[in-house]
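Enquirer: pasting the sequence and the predicted model now:
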Amino acid sequence: MSGIGWEKMDWPKDIPCRNVTIYGFCKKEKEGCPFKHDSNDYTNVKVPASAYADNNSSNFNPIVSSNTGSSTSKFNAKASASFTPMSAKTSGFVPLNSGSTNGMGPVAEPPWLSTVPQQPYVSPTYNPYATGSFTPTSSAGNPLNPMGITATDAGTDFNLPMADAAAAMGIGELSQTDTDAKVNLPIMYPPMHSLLQYHLYAPDPPPHLRASLRPNERMAQDLFIPNDLREQLVKRNLASLQIFPLGGAIPSVVQDYFGLVPLDFNKNSGKKDSFMGHKNSLYKVFSNVDGKVYLLRRVHSVANVEPSYISKTFHAWSNVDCNNVVKLVDLFLTTKFGDSSLCAVYDFYPMANSLYEDHFVNFPLKPITQEYLWSYLVQLSNALNSVHSQGLVVDVLDLHKVIVTGSPGRIKIADCGPLDVLKAGKTRDIVAEQQESFGKLGNLLIELATKLGPEGGAQTESVDNLVVDEKFKDVLKYLLSDKPKSVTELTCMFHDKIFSVINSSLTYAEYTEGVLSKELENGRLFRLICKLNFIYGRMEHRIDVNWSESGDKFPILLFYDYVFHQVDATGKNIMDLTHVLRCLNKLDAGVLEKIALVTPDEMNCIIVSYKELRDLIDTTFRILCQ
């Protein structure tokens, strides 16, 4: 452009100045910069009115044209204005209620094409003390309120009246004005599209594709937790953190617990009168004291109960410390549900199923074997021994009140305590009720043993017809007999089976410890990688002489490339996990082994030890933290 003065140039006058776009001002503006410096870049841009006929359409795509004489325009990078998001200047979309119609309704000029200067955008400040309640929304921005879901969902058949839906969810009564409305209960929340996609993890290769390894070689999958166990633990964590949409008749806070999530609103809850004729509901709750997740069992409409008896029952059951009995955490009366409800709070075991669900309902059904029966008998005998030693009684012992919490067949007796409160003031014979517990245990084992028969669960009239060994039949006959029974006498009949159960539990404990040992060093290596990334590739280091090829920090750059940016002789990228783990472990330990760090152009080489690199990285990180 030599020989042509700025004042003779006319072509740049319609092009926005890049200095204004990048820096917000142009220091050459007063010296004769020929580019456009106005803040309104869209004054002369026109949009066909037909593009705004339906602003709610998913195909809404305005055609911007600077030439009114043609219907289409070609994109010119030099003449195009900088893009500014609509949400940065406006708080919402202005309704199209004016302008020409073109037979498609009134059309207004969009706010981002208005000739009126826009006010500068000011970022709102967040005040946590002034915000309202949080309403969860889906990925499309729709509020996830089960009471507002339409009844047109073809994927579910829970089209119930509002009152029936509330009763099914166990959330109390609703007003009469809402009973005529239809509601579609959600099957799962969060919806499936927002759940963790387990298939994104690389699975273990099938056995026929595994390469033969030497004794000292390992696969990448062998260095981390097995995928099946990881997926199981992730699902449990997801179930623990699952929440329920706000709304309905569920209270937000009950005593010291909040975030109530109904757990039995969309499936058969078993026996409705298992608490002496009282209805009951099950919720997952979060504690406001320690932040942990617990299970809350609500017994409806409980009145005339002395608070002292509730306290006495709680202290008695809190002393039961047995791995096969669900721990009672809290017991209290509340009116938060609209009536006088008895609430019992227990430890929460996510994704735990009852014995009935595991062996009779869920698909695929878990097969019952003779080993399972002996394991259940040993664990339930341990639970009875702990409860009876405290002078208490297991009132309900059936397939619905025994839950399976994990492998190998670990079970626990649930819902202990509330029945003692409901029986307040009644004369009780504890010894006789403890003897009845043995009979309940025998009936439970018979129901499970029938699944071993050829008829697949048909009821049998005699213990002799069960397809079990003779020793197990003798145990069942003892449990169903009328003579006095004790846990000590019971366990003497199968003492040899106790050893196998203990051996199985210890084997699984050692397996989980071995899996945990694989993840033992992950936290240490993760912190080391974070430290490296904190000091690597910072913008200010590009002009710092200490990070140049002659600087004392240059070995850090070469080491980073040496660890993560390896290439072979043909220039192909090498992603060797073993190499990364070996280098990071040696760096963290600060070994005296030396490595040759070569620049990408292979013109310079630095020989340095891992100990010197560790000292250099630590010094650089401490300077960065100052």
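Expert: Sure, I can see it.
Enquirer: how about the strands in the stretch 301-450 of the chain?
Expert: With DSSP state E, counting those that start in this stretch applied, the stretch 301-450 of the chain shows strands at 328-334, 341-347, 353-354, 402-406, 410-413, listed in chain order.
Enquirer: adding mean neighbour count, distance to residue 577 and mean pLDDT, write those out as TSV.
Expert: Where C-beta positions appear, they are placed from N, C-alpha and C, glycine not excepted. Shown next, in TSV, are the strands of the stretch 301-450 of the chain (neighbours: other CB atoms under 10 Å; distance: least, CB to CB, whole Å; pLDDT from 0 to 100):
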stretch	mean neighbour count	distance to residue 577	mean pLDDT
strand 328-334	19	43	94
strand 341-347	23	38	94
strand 353-354	18	37	92
strand 402-406	20	31	93
strand 410-413	21	34	95
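Enquirer: so which of those strands comes closest to residue 594?
Expert: When these are compared by CB to CB, strand 402-406 sits nearest residue 594, at 49.1 Å.
Enquirer: just checking: what are the partner strands of the closest one?
Expert: Counting by DSSP bridges, the strands paired with strand 402-406 are strand 353-354 (antiparallel), strand 410-413 (antiparallel).
Enquirer: turn those into TSV, columns for distance to residue 424.
Expert: Shown next, in TSV, are these (distance: least, CB to CB, whole Å):
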stretch	distance to residue 424
strand 353-354	27
strand 410-413	22
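Enquirer: of all the strands of the stretch 301-450 of the chain, which one comes closest to residue 300?
Expert: That would be strand 341-347 among these, by CB to CB, at 5.8 Å.
Enquirer: which residues touch that closest one?
Expert: With CB atoms under 8 Å, 6 or more residues apart in numbering as the test, strand 341-347 has contacts from 254-255, 257, 285, 294-302, 305, 310, 326-335, 414-415, 417-418, 421-422.
Enquirer: from these, list just the buried residues.
Expert: Among the contacts of strand 341-347, those scoring as buried are 254-255, 257, 285, 294-300, 302, 305, 310, 326-334, 414-415, 417-418, 421-422 (criterion: 16 or more other CB atoms under 10 Å).
Enquirer: before we move on, back to that, got the strands of the stretch 301-450 of the chain as CSV, with distance to residue 567 columns?
Expert: Formatted as CSV, the strands of the stretch 301-450 of the chain follow (distance: least, CB to CB, whole Å):
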stretch, distance to residue 567
strand 328-334, 58
strand 341-347, 53
strand 353-354, 52
strand 402-406, 46
strand 410-413, 50
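Enquirer: which one of those lies closest to residue 603?
Expert: strand 402-406 (59.6 Å).
Enquirer: sorry, back to before: which ones among the buried ones among the contacts of strand 341-347 map onto helices?
Expert: If you go by DSSP state H, those have 310, 418, 421, 422 in helices.
Enquirer: nearest to residue 550 among these?
Expert: Out of these, the member with the shortest distance to residue 550 (by CB to CB) is residue 418, at 77.1 Å.
Enquirer: residues touching that closest one, list them.
Expert: 275, 297, 299, 331, 342, 344.
Enquirer: the fifth one pairs with what?
Expert: Applying DSSP bridges to residue 342 gives these bridge partners: residue 299, residue 333.
Enquirer: and the one helix or strand residue 516 maps to, what's buried?
Expert: According to DSSP states H and E, residue 516 maps onto helix 495-518. For helix 495-518, a neighbour-count test (16+ other CB under 10 Å) marks 497, 498, 501, 505 as buried.
Enquirer: where do the helices of the stretch 401-550 of the chain begin and end?
Expert: In the stretch 401-550 of the chain, the helices defined using DSSP state H, counting those that start in this stretch lie at 418-422, 430-449, 470-480, 487-491, 495-518, 522-535.
Enquirer: got the buried residues for the fourth one?
Expert: Which is helix 487-491. 487, 490, 491.
Enquirer: and it, what does it pack onto?
Expert: helix 370-389, helix 470-480 (3 or more CB pairs under 8 Å, 6 or more residues apart in numbering; DSSP states H and E).
Enquirer: kindly export the longest one (C-alpha atoms) in CSV.
Expert: In this case it means helix 370-389. The C-alpha trace of helix 370-389 is given here as CSV (Å, rounded to 0.1, in the frame of the first residue of the first chain):
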residue,chain,number,x,y,z
GLN,A,370,-27.9,-75.2,48.5
GLU,A,371,-24.9,-72.9,49.3
TYR,A,372,-27.1,-69.9,49.3
LEU,A,373,-29.5,-71.5,51.8
TRP,A,374,-26.8,-72.4,54.2
SER,A,375,-25.3,-68.9,53.9
TYR,A,376,-28.7,-67.3,54.6
LEU,A,377,-29.3,-69.6,57.6
VAL,A,378,-25.9,-68.7,59.1
GLN,A,379,-26.4,-65.0,58.7
LEU,A,380,-30.0,-64.9,60.0
SER,A,381,-28.9,-67.0,63.0
ASN,A,382,-26.3,-64.4,63.7
ALA,A,383,-28.9,-61.7,63.5
LEU,A,384,-31.3,-63.5,65.9
ASN,A,385,-28.4,-64.1,68.3
SER,A,386,-27.6,-60.3,68.4
VAL,A,387,-31.2,-59.3,68.8
HIS,A,388,-32.1,-61.9,71.4
SER,A,389,-29.1,-61.1,73.5
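Enquirer: tell me how the chain divides into domains.
Expert: Domain ranges of the chain: 1-38, 240-454+461-493, 511-625, per the TED database.
Enquirer: excluding its backbone neighbours, what's nearest residue 552?
Expert: Once flanking residues are discounted, residue 552 sits nearest to residue 546: 5.9 Å by CB to CB, 6 or more residues apart in numbering.
Enquirer: tell me how many other residues crowd that neighbour.
Expert: 11 (other CB atoms under 10 Å).
Enquirer: ok, now how distant is it from residue 623?
Expert: 10 Å (CB to CB, to the nearest Å).
Enquirer: then residue 313?
Expert: Counting by CB to CB - residue 313 and residue 623 are separated by 62 Å.
Enquirer: same check, this time on residue 485
Expert: 75 Å.
Enquirer: cool, residue 612 as well?
Expert: In terms of CB to CB, residue 612 sits 17 Å off from residue 623.
Enquirer: these two: who's more crowded?
Expert: Neighbours were counted for residue 612 and for residue 623 using other CB under 10 Å; residue 612 has more, 14 against 10.
Enquirer: part of a helix, is the more buried one?
Expert: Yes: the assignment for residue 612 is a helix, going by DSSP: H, G, I helix; E, B strand; the rest coil.
Enquirer: now the residue lying closest to it once chain neighbours are set aside: which helix or strand?
Expert: Distances taken as CB to CB, 6+ apart place residue 555 nearest to residue 612, at 7.8 Å, with adjacent residues excluded. Element membership for residue 555, per DSSP H and E: helix 554-564.
Enquirer: pull up the distance across stretch 562-574, start to finish.
Expert: 11 Å (CA to CA, to the nearest Å).
Enquirer: contact partners of it?
Expert: Against stretch 562-574 from outside (CB under 8 Å, 6+ apart): 575, 576, 579, 580, 583, 584, 595, 597.
Enquirer: output the below-cut-off pLDDT ranges for the chain.
Expert: 1-9, 39-205, 247, 265-274, 453-461 (pLDDT under 70).
Enquirer: neighbours of residue 431, how many?
Expert: 11.
Enquirer: to clarify, my last question referred to residue 617.
Expert: 22.
Enquirer: can I take it that it is in a strand?
Expert: No: Residue 617 sits outside any strand when classified using three-state DSSP, being helix.
Enquirer: contact partners for it?
Expert: With CB under 8 Å, 6+ apart, residue 617 has these contacts: 531, 532, 535, 556, 587.
Enquirer: ok so, going back, following the helix holding residue 555, which helix or strand comes up?
Expert: helix 577-589.
Enquirer: now the angle from that next one to helix 522-535?
Expert: 80 degrees (axes from the mean of the first three to the mean of the last three CA atoms, to 10 degrees).
Enquirer: name the helices or strands packed onto the following helix or strand past helix 577-589?
Expert: Sequence order places strand 594-598 as the next helix or strand after helix 577-589, per DSSP H and E. Helices and strands touching strand 594-598, by 3+ CB pairs under 8 Å, 6+ apart, are helix 554-564, strand 605-609.
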